[in-house]
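Trainee: turn this into a model:
(one chain, ligands or ions: 2)
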Amino acid sequence: MNISQQISTTPFLDQKPGTSGLRKAVTVFQQPHYLENFIQSIFDSLEDLQGQTLVLGGDGRYYNRQAIQIILKMAAANGVGRIKVGQGGILSTPATSCIIRKYQALGGIILSASHNPGGPDGDFGVKYNISNGGPAPEKVTEAIYARTKVIDRYQIIEAPDVDLETLGESRMGDMVIEVIDSVEDYEKLMESLFDFDRIRQLLTSGNFRMCMDTLHAVAGPYAHAIFEQRLGAPAGTVRSGIPLEDFGGGHPDPNLVYAHELVDILYGENAPDFGAASDGDGDRNMILGRKFFVTPSDSLAVLAANAKLVPGYSSGLAGVARSMPTSEAVDRVAAQIGIECYETPTGWKFFGNLLDADKATLCGEESFGTGSNHVREKDGLWAVLFWLNILAVRQQSVEQIVREHWKTYGRNYYSRHDYEGVDTDQANTLMENLRSLVPTLKGKQFGNYQVEYGDDFSYTDPIDGSVSNKQGIRIGFTDGSRIVVRLSGTGTQGATLRIYLESYEPDPAKHDLDTQQALASLITLADQIGQIRNSIGREQPTVIT
Ligand code: VG1
Ligand code: CO
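Mentor: Ligands and ions are numbered 1, 2, ... in the order given. Sure thing, here's the model as predicted:
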């Protein structure tokens, strides 16, 4: 007999979920009752938990396994009927979304701090996804947060740890625990969307080589199974494919800075034709051609423009959506196809309603996130397969495809400058100053730039009418250039200030500039208007993507 216990606790006042779940240092999560309080707060805010099915897994980072054992025992004590847990505790974020939807689970708990470094001195995180498979919307995360502030007890069963390695069912109290293959359901879904035969031909033709770097994070097993085993790419195509608790000491962030080994390969001698990387929890991606970087905003636009070539999307797109800081490249594709393009705040949770209502088919963020209505999360390997499918059909290089795209639609030069670990008070003051300044800028001339609008982005969800304010400062210019400034909601140390810069160039003769050079005058202007480097005492950004 397992004994269910009621444990007294007191609230922690810092359990407010950010852009994507609750993220804190591992040491914070390891405090007695810290994880338990948050999990119980999730359970307490769900109606009808009794007898329901939940999905559970994580990106394999340090503390993943311990947390899974705790959550299983708490779920059993809270009356959950069945938990599907990924083998070894491993489930990527998109795979979790897929499984929640496929088995009509009530929701899922994903243990990940995504791109944040892992290990005992790194970060840990908890995300809750709802029954549509997507991140909990704000009204749910707010209810969870409200509960964390008053919680005084949690429930847990006394039981031995569960074997997470052996597939199959076992019982804990009245709850069934089902250890499932981490990859199988997800792989089937991918196969239903893409032309696997054609991709297989491309990968085995002998004149196309790809390199996929999963940065020792969760996508490794998925990439091995799909690219090497299923699609016939040679062994070694997937690099850093074994999930490690500290991601091998790296940042599992697929960008030019943190995925530098892949970048070196794609820009080196005898480079492969195609390169890709994915992040900690497998929901984001970077796409590279030989000596060629595809910005995430361009990637979204190219996928939208070529969707008809891919079986899962051949009947056309209902619409597209992008986060506000994402470049307007996809807007131009949408305008040409004659479909709606929605602009949402940063964070995948804002796409959920649009996808559910079939208003958008493809969605994307400038932060290397792309996805579609196949799940309710962004999906790294899905984006890689989408690109491979396009490459297999068009038989052109990545660079040729993107250059032709720019010729047709014009080029949106785009870059993000991040200042990490900034003093929180200084960052907040900077934002407040900008918030009051920008509405006064309309009509003002700065060199060649005339301000068309300035505001703090506010979003009204077209489906449920919910309003999200203060989603980032925007300054738009009459030539289509934009400066966006916002604070990150995923960092755990101080503040991270993000400056997003975009300019539009219709003339193909000017599509060969270096991005930072093309944006140089806008970068200077952003600093001049925002007094950025001055206010935070920094000479230059920490990361430029
Ligand atoms: C960042 C990105 C955002 C993304 C979020 C979660 O948020 O900017 O686009 O949705 O990370 O991605 P922020 O608030 O730090 O800018 V993931 O893959 O790290 O969960
Ligand atoms: Co992620």
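Trainee: burial count for whichever residue of the stretch 251-400 of the chain sits closest to ligand 1?
Mentor: Residue of the stretch 251-400 of the chain nearest ligand 1, by C-beta to the nearest ligand atom: Ser367 (3.5 Å). For every residue, glycine as well, the C-beta is placed using N, CA and C. Residues lying near Ser367 (other C-beta atoms under 10 Å) number 26.
Trainee: residues contacting it?
Mentor: Arg284, Pro296, Ser323, Thr346, Arg416 (C-beta atoms under 8 Å, 6 or more residues apart in numbering).
Trainee: rerun at 7 Å
Mentor: Residues near Ser367 by C-beta atoms under 7 Å, 6 or more residues apart in numbering: Arg284, Pro296.
Trainee: is it true that it lies in a strand?
Mentor: No: assignment of Ser367 by DSSP: H, G, I helix; E, B strand; the rest coil gives coil, placing it outside any strand.
Trainee: if I look at it, how far off is Phe446?
Mentor: 27 Å (C-beta to C-beta, to the nearest Å).
Trainee: do Leu215 as well
Mentor: 40 Å.
Trainee: looking at these two, which is more packed in?
Mentor: Leu215 (28 against 16).
Trainee: hmm, that one is touching Gly241, no?
Mentor: No: applying C-beta atoms under 7 Å, one finds Leu215 not in contact with Gly241, separated by 9.4 Å.
Trainee: quick one: name the residues of the chain near ligand 1.
Mentor: Neighbours of ligand 1 within the chain, by C-beta under 6 Å from any ligand atom: 19-20, 114-115, 279, 283-284, 323, 346-348, 365, 367, 369, 488-490, 498.
Trainee: do a quick rundown of the strands in the stretch 101-250 of the chain.
Mentor: Using DSSP state E, counting those that start in this stretch, the strands of the stretch 101-250 of the chain run over 107-111, 123-129, 153-158, 168-172, 175-180, 210-213, 238-239.
Trainee: list the neighbouring strands of the helix or strand that contains Ser503 plus their orientation.
Mentor: Using DSSP states H and E, Ser503 falls within strand 495-505. Strands that pair with strand 495-505, judged by DSSP bridges, come out as strand 411-422 (antiparallel), strand 482-487 (antiparallel).
Trainee: for it, the averaged confidence score.
Mentor: Strand 495-505 shows a mean pLDDT of 95.
Trainee: do the same with stretch 324-337
Mentor: 97.
Trainee: pull out the buried residues from the least confident helix or strand in the chain by mean pLDDT.
Mentor: Within the chain, no helix or strand scores below helix 532-536, which has a mean of 86 by mean pLDDT, DSSP states H and E. Using 16 or more other C-beta atoms under 10 Å as the test for burial, helix 532-536 gives Ile532, Ser535, Ile536.
Trainee: cool, and stretch 429-438?
Mentor: Leu430, Met431, Leu434, Val438.
Trainee: quick one, which of those residues has the minimum pLDDT?
Mentor: For the buried residues of stretch 429-438, the pLDDT minimum is Val438, 89.
Trainee: correct me, but that residue touches Ile475?
Mentor: Yes: at 5.8 Å, Val438 counts as touching Ile475 under the criterion of C-beta under 7 Å.
Trainee: quickly list what's touching both of these two.
Mentor: Joint contacts of Val438 and Ile475 (C-beta under 7 Å, 6+ apart) are Gly454.
Trainee: so which helix or strand takes in Cys363?
Mentor: Counting by DSSP H and E, Cys363 is part of strand 362-365.
Trainee: can you map out the helices along the stretch 101-250 of the chain?
Mentor: 138-148, 184-193, 196-204, 219-223 (DSSP state H, counting those that start in this stretch).
Trainee: same check on the stretch 301-450 of the chain?
Mentor: Using DSSP H, counting those that start in this stretch, helices in the stretch 301-450 of the chain cover 329-337, 352-356, 380-394, 398-409, 424-437.
Trainee: who's in contact with Gln426?
Mentor: With the criterion set at C-beta under 7 Å, 6+ apart, Gln426 makes contact with Ser535, Ile536.
Trainee: can you rerun that using 8 Å?
Mentor: Ala495, Ser535, Ile536, Gly537.
Trainee: hmm, back to that, from the strands paired with strand 495-505, which stretch is densest packed?
Mentor: strand 482-487 (a mean of 23; mean count of other C-beta atoms under 10 Å).
Trainee: that one relative to helix 424-437, how many degrees between them?
Mentor: 140 degrees (axes from the mean of the first three to the mean of the last three C-alpha atoms, to 10 degrees).
Trainee: for strand 482-487, what is the distance to the chain centroid?
Mentor: Here the centre of strand 482-487 is set off from its chain's centre by 19 Å, with C-alpha atoms, centre = their mean, to the nearest Å.
Trainee: over to stretch 187-202?
Mentor: 23 Å.
Trainee: make 9 the first number, not 1, from now on.
Mentor: OK, 9 is where the count begins now, so the last one is stretch 195-210.
Trainee: quick one on the thing from earlier: reformat the strands paired with strand 503-513 as CSV; add distance to Pro19 and mean pLDDT.
Mentor: Below are the strands paired with strand 503-513 laid out as CSV (distance: least, C-beta to C-beta, whole Å; pLDDT from 0 to 100):
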stretch, distance to Pro19, mean pLDDT
strand 419-430, 28, 95
strand 490-495, 25, 96
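Trainee: in the protein, which residue sits closest to ligand 2?
Mentor: Ser122 (3.2 Å; C-beta to the ion).
Trainee: residues near that residue, how many?
Mentor: For Ser122, using other C-beta under 10 Å, the count is 27.
Trainee: show me the contacts for the residue in the stretch 59-208 of the chain that ligand 1 sits nearest to.
Mentor: Per C-beta to the nearest ligand atom, the residue of the stretch 59-208 of the chain with the smallest distance to ligand 1 is Ser122, at 2.9 Å. With contact set as C-beta under 8 Å, 6+ apart, Ser122 has these partners: Ser28, Arg31, Asp67, Thr101, Gly133, Pro260, Asp287, Gly288, Asp289, Asp291, Arg292, Thr498.
Trainee: now swap in Ser105 and tell me
Mentor: So Ser105 contacts Gly116, Asn137, Gly141, Gly142, Val383, Arg384, Glu385, Asp387 (C-beta under 8 Å, 6+ apart).
Trainee: the helix or strand it falls within close to ligand 2?
Mentor: Under the criterion of DSSP H and E, Ser105 resides in helix 101-110. No: judged by C-beta under 5 Å from the ion, helix 101-110 stays clear of ligand 2, getting no closer than 6.0 Å.
Trainee: thanks a lot, see you next time.
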